[in-house]
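K.L.:
could you work out the structure for the sequence below:
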Amino acid sequence: MSLRFSRRLPRQQQPNRLSALLERRRAQGRPWLDLTAANPTAVGLPPGGAALPPLADPGGAAYAPDPRGLLAAREAVAADLAGRTAGHPAARRPEAGRILLAASTSEAYAWLFKLLCDPGDEVLVPHPGYPLLEHLAALEGARAVPYPLALDGAWRLDPGEVARRAGPRTRAVVLITPHNPTGWLLGQRELEALSRWLPPGVALIADEVFADFVFHADPLWMSTGAGGDSPAPPLALAGQGRPCFSLGGLSKGSGLPQMKVGWIAVGGEPEAARAAVKQLEWIADTYLSVATPQQLALPSWLAAAGAFRQALRCRLRTNRETLARAVAATPGAQLLPSAGGWSAVLRLPAVRADEEDALELLERHDVLVQPGYLFDFPPGAFLVISLLPREEDVREGAGRLAEFLAAREGGSTRTPPSR
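P.N.:
Coordinates of the predicted model:
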């Protein structure tokens, strides 16, 4: 007898052509340079604090759950958020009472969609974007409706366009800042216009997992004029009257994805914020998903995250400069401006689909990158490259990429010399 599955699940889960090619190469034992890396524990970075010793706290043997998360852990998150308010004198002071712990940012999204949406309600999500939000919304019975980030020299948000996408069933707008993978960064004027133009009651959700890796002084970003709008503070601390939520976690900011701790900071008017915290506490109490040892270790991990963040900032800057030099030799290719995050985006002349470019780079040059269509980029040819790998891997990959770009620019393809 066949089993009926929920309509919230995707109808087809077939691998795309790039995934299929990767599987064939694995079966053949053929190596490649992976310029799609997203795991900070596998690229030679210092661990985000001595990761394991804090887990030995004997208090982890006792179970006394708080649905919001242990107070000391939430106070540590508040102190970490306070470090991002420098230069924002109007930002509200973070409060542990407005913070809840979850097992991941993905779980935090799920809780917020439960909080805000009835079945069939909508959340607006940015395109291009990492293709996770649609799945998370669908699993909660909600519908993700895309709004565009415009590319005009640099990536920009058009608050009026976002507001035009909002309908009677819109419950929230998701902002990813810095954005993955474009590197767009929410500006103060953009935030003010968005809050002013959206219908009342529509909440703002800011995914700020990359907020410790902002380089908005990048000359490419500044030269486009995109840097003229000063960056907004953490959304939950921005003093917005509109309901708003900031998401963060250990995965990116501390390089500890295996420890499975994320958080929600609640902003907005005090009465509405208190009501939201109370309802989120009820949702969290049905799961109690964050383990006690991780909560006890969280203050130590956040206090020790500085070395990891500094090392990664240096790597991101170095790898981006390496890519810029490689791309500069090919006039038709462009490294798009970015204000932060772990990715770089290359724009190529649209002579063929970017999937074909990614397939050729892997098959003929042994370099794995991601084609833009996987992120719902606008028409054109885009390649997404991770800035996370070791510097020597990015240098080697950039050299092979330059060979590929030169051949592409000349309208020909050739097999590179054997290595």
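K.L.:
for this protein, which segments count as strands?
P.N.:
33-34, 99-102, 122-127, 143-152, 154-157, 170-176, 203-207, 244-249, 262-267, 334-335, 343-348, 367-368, 370-371, 381-386 (DSSP state E).
K.L.:
and the contacts of the second one?
P.N.:
The set of residues that contact strand 99-102 without belonging to it, under Cβ atoms under 8 Å, 6 or more residues apart in numbering, is 67-70, 73-74, 77-78, 108, 111, 261-266, 277, 280-281, 284, 289-290, 295, 298. For every residue, glycine as well, the C-beta is placed using N, CA and C.
K.L.:
so which of these are in helices?
P.N.:
Using DSSP state H, 73-74, 77-78, 108, 111, 277, 280-281, 284, 295, 298 are the members of the contacts of strand 99-102 that sit in helices.
K.L.:
pipe the strands of the chain into JSON lines and attach mean neighbour count and distance to residue 86 per row.
P.N.:
Listed next are the strands of the chain as JSON lines, based on neighbours: other Cβ atoms under 10 Å; distance: least, Cβ to Cβ, whole Å:
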{"stretch": "strand 33-34", "mean neighbour count": "20", "distance to residue 86": "35"}
{"stretch": "strand 99-102", "mean neighbour count": "26", "distance to residue 86": "19"}
{"stretch": "strand 122-127", "mean neighbour count": "23", "distance to residue 86": "26"}
{"stretch": "strand 143-152", "mean neighbour count": "17", "distance to residue 86": "27"}
{"stretch": "strand 154-157", "mean neighbour count": "22", "distance to residue 86": "23"}
{"stretch": "strand 170-176", "mean neighbour count": "24", "distance to residue 86": "21"}
{"stretch": "strand 203-207", "mean neighbour count": "25", "distance to residue 86": "18"}
{"stretch": "strand 244-249", "mean neighbour count": "28", "distance to residue 86": "16"}
{"stretch": "strand 262-267", "mean neighbour count": "26", "distance to residue 86": "17"}
{"stretch": "strand 334-335", "mean neighbour count": "18", "distance to residue 86": "29"}
{"stretch": "strand 343-348", "mean neighbour count": "23", "distance to residue 86": "25"}
{"stretch": "strand 367-368", "mean neighbour count": "24", "distance to residue 86": "38"}
{"stretch": "strand 370-371", "mean neighbour count": "22", "distance to residue 86": "34"}
{"stretch": "strand 381-386", "mean neighbour count": "24", "distance to residue 86": "28"}
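K.L.:
now these in TSV, with mean pLDDT and distance to residue 392?
P.N.:
TSV is the format used below for the strands of the chain (pLDDT from 0 to 100; distance: least, Cβ to Cβ, whole Å):
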stretch	mean pLDDT	distance to residue 392
strand 33-34	96	10
strand 99-102	98	36
strand 122-127	98	33
strand 143-152	95	31
strand 154-157	92	29
strand 170-176	98	30
strand 203-207	98	31
strand 244-249	98	29
strand 262-267	98	32
strand 334-335	94	20
strand 343-348	96	17
strand 367-368	97	14
strand 370-371	97	21
strand 381-386	97	15
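K.L.:
so which of those is nearest residue 405?
P.N.:
Residue 405 lies closest to strand 343-348 among those, at 7.6 Å (Cβ to Cβ).
K.L.:
okay, now the unreliable bits of this structure?
P.N.:
1, 48-49, 216-228, 411-419 (pLDDT under 70).
K.L.:
at 50 instead, please
P.N.:
Scanning the chain with the threshold set as pLDDT under 50 gives 413-419.
K.L.:
what are the phi and psi values for the spatially most central residue of it?
P.N.:
When Cα atoms, centre = their mean is applied to the chain, the residue found nearest the centroid is residue 180 (4.4 Å). With angles defined as degrees, to the nearest 10, residue 180 sits at phi -100, psi 120.
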